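J.: how does the following fold in three dimensions:
(one chain, ligands or ions: 1)
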Amino acid sequence: MTNKIIDLRSDTVTQPCKAMRDAMANAPVGDDVFGDDPTVNALQQKAAELTGHEAALFAPSGTQSNLLALLAHCQRGDEYIVGQDAHTYKYEGGGAAVLGSIQPQPIEFAANGSIPLDIAKKKIKPNDHHFARTRLLSIENTVGGQALPMSYLDEARAFCNDTGLGLHLDGARVFNASVHHNVPVSAITSQMDSVSICLSKGLGTPLGSILCGPKDFIHEAHKWRKMLGGGMRQAGIVAAAGIFALDNNIERLIEDHHNAEFLATELTEIDELTVTKQFTNMLFVEYQGSLSPSELADKLLEKGIKICAGEHMRFVLHKDVSHADCKRVVEGFKDIFS
Ligand SMILES: *Cc1c(COP(=O)(O)O)cnc(C)c1O
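T.: Take a look at the predicted model:
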C-alpha cells in the first residue's frame, strides 16, 4: 500500500468502501419527487429518529440543507444571528441573502466556537419599522473541529426560548461532537429547532446531507428544495450510502480523533512545525522553514501525502487515513526537514 495517497486536506475526500458501494447497487429505488423512493424514505426516517426530530429531508449538499433551513425559518426581510466565521454565513456564497433576502447578523465566535449569547442579545433588533426582524440563531457544531460544550447547548436553548428566536444547528460534523462527548447525537440535536447533518464528511458517503426538524417545518423546506432544484429522482442509490454510513461509520470516528491527537503530539516535536490546536478530527499547524509552503507540499506529495499548502495548515483525519498512515506522515515530515 506504499503507493496509497494519504490525503489530509479534508474529511470530504473519502472513498466509498466496497460494502457501501454494494448497498448502493442493491438499493430499492423509486421516484423521490413522488415520494416513492423507499431507500430515501428509510434514510429520512432513520435520521429523524437518530436526531430526535419528527421529520427529515434528504438534500444533495450541506450548503443546500442549511439554506433550506434558513429559508424555512425566515421570511424576506428577516435576520439570522450567525458566527462571523460560520459556514452558513461565510462559506455558502451568501445564499441566505442572495436567494432568501435574509439579512445576516454575524458575531465573532468566542474562543470555544460558541456565539456569545450576551452579545447576541444586544444584536436582536427592536420591533420597529427601521429594522429587520431578528428571527433565528444559527450555531455550528463541531466548529473548526471543536465540539461546543454541552452546557452551551442548554444556554442557547434557553436564550431562544426567552427571546422567541428559532435555533438552527449546522451539524455538518455533529457526530464528531457526539463521539467526543460520548453522548448519543440526540443529546445535542433534539433540543435544536432544526439540524443539518452531513453524510459526506467523516461519515464517508459520496454526497448528501439531511435536514431534520418538525413536520410542518420540513414540509416548508421540501417546497424550497424543489425550487432550488434539489428534487431528485431515484436518489435511493445515494441514500443507501447514507443508511450504511449511519449504521457503520459513526462509532469509528473516535479513531480519527485518536489519530489527530497522535499527529499533534508527534508533529509538535518537529522544529519547523507548531501545532496550535487539535480538536476532534482536526489539527492546526503553523509552518516556518526554508522551503516555501508550496515546495513543502510538493515534497510531501512525492511521498504520497497530500495537504493544502500554507503557513497555517489544517490537517483533517478520516476513515481513509489509518494509524499506520499517520506514522508515515510523521516520517515524511522528518525526512524532508532532516
Ligand atoms: C462542509 C460543511 C457544510 C456543508 O458543505 P457542503 O460542501 O455544501 O456539503 C456546512 N457546514 C459546515 C460547518 C461544513 O463543514
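J.: how far away is the nearest residue in space to residue 257 that is not next to it in sequence from the ligand?
T.: Spatially, and ignoring its direct neighbours in sequence, residue 257 is nearest to residue 280 (5.2 Å; C-beta to C-beta, 6 or more residues apart in numbering). C-beta coordinates here come from the backbone N, C-alpha and C atoms, glycine included. As defined by C-beta to the nearest ligand atom, to the nearest Å, residue 280 lies at a distance of 12 Å from the ligand.
J.: what about residue 280, distance to residue 63?
T.: Separation of residue 280 from residue 63 (C-beta to C-beta, to the nearest Å): 21 Å.
J.: more neighbours, these two?
T.: Taking neighbours as other C-beta atoms under 10 Å, residue 280 and residue 63 compare with residue 280 leading, 25 against 19.
J.: tell me the pLDDT of the more buried one.
T.: According to the prediction, residue 280 has pLDDT 98.
J.: wait, it touches residue 180, no?
T.: Yes - using C-beta atoms under 8 Å, residue 280 is in contact with residue 180, at 5.3 Å.
J.: common neighbours of the two, please.
T.: Common neighbours of residue 280 and residue 180, using C-beta atoms under 8 Å, 6 or more residues apart in numbering, are 142, 147, 257.
J.: between those residues, identify the one with the most neighbours.
T.: residue 142 (25 neighbours).
J.: per-residue confidence for that one?
T.: Confidence score, pLDDT, at residue 142: 98.
J.: right, and it touches residue 179 too?
T.: No - the criterion here is C-beta under 8 Å, and residue 142 misses it with residue 179 at 10.1 Å.
J.: overlap in contacts of these two?
T.: residue 280.
J.: how near is the residue in the stretch 151-300 of the chain positioned nearest to the ligand to residue 338?
T.: The stretch 151-300 of the chain approaches the ligand most closely through residue 172 (3.3 Å), counting by C-beta to the nearest ligand atom. Taking C-beta to C-beta as the measure, residue 172 falls 38 Å from residue 338.
J.: who's more crowded, the two?
T.: Comparing residue 172 with residue 338 by neighbour count (other C-beta under 10 Å), the higher total belongs to residue 172, at 27 against 6.
J.: hmm, residue 196 and that one touching each other?
T.: Yes - counting by C-beta under 8 Å, residue 172 does reach residue 196; the two are 7.0 Å apart.
J.: joint contacts of these two?
T.: Residues touching both residue 172 and residue 196 comprise 62, 209, with contact defined as C-beta under 8 Å, 6+ apart.
J.: need phi/psi at the closest residue to the ligand within the chain.
T.: Closest contact between the chain and the ligand, by C-beta to the nearest ligand atom, is at residue 62 (2.3 Å). With angles defined as degrees, to the nearest 10, residue 62 sits at phi -70, psi -30.
J.: one more: residue 309?
T.: Per degrees, to the nearest 10, the backbone of residue 309 is at phi -70, psi 140.
J.: return the residues of the stretch 151-300 of the chain in contact with the ligand.
T.: For the stretch 151-300 of the chain, the residues in contact with the ligand (C-beta under 6 Å from any ligand atom) are 170, 172, 198, 200, 201, 209.
J.: redo that, cut-off 5 Å
T.: 170, 172 (C-beta under 5 Å from any ligand atom).
J.: so where's the stretch 151-300 of the chain shaky on pLDDT?
T.: By pLDDT under 70, the stretch 151-300 of the chain contains no weakly predicted segment.
J.: where along it do the helices fall?
T.: 174-181, 186-189, 215-227, 236-248, 253-268, 293-302 (DSSP state H, counting those that start in this stretch).
J.: ok so, going back, list the contacts of the residue of the chain closest to the ligand.
T.: Going by C-beta under 8 Å, 6+ apart, residue 62 touches 87, 170, 172, 196, 198, 200, 209.
J.: can you do 10 Å?
T.: Residues near residue 62 by C-beta atoms under 10 Å, 6 or more residues apart in numbering: 12, 87-88, 91-92, 170-173, 196-201, 207-211.
J.: ok, residue 249 next?
T.: 14, 17, 20, 175, 199, 202, 203, 204, 205, 241, 318, 319.
J.: pull the most distant pair out of those.
T.: With distances taken as C-beta to C-beta, the most widely separated pair in the contacts of residue 249 is 17 and 175, at 17.3 Å.
J.: higher neighbour count, those two?
T.: Of the pair residue 17 and residue 175, residue 175 is the one with more neighbours under other C-beta under 10 Å, namely 27 against 16.
J.: relative to residue 81, how far out is the nearest residue to the more buried one once chain neighbours are set aside?
T.: Distance criterion C-beta to C-beta, 6+ apart; nearest residue to residue 175, sequence neighbours excluded, is residue 250 at 5.1 Å. Per C-beta to C-beta, residue 250 is found 30 Å from residue 81.
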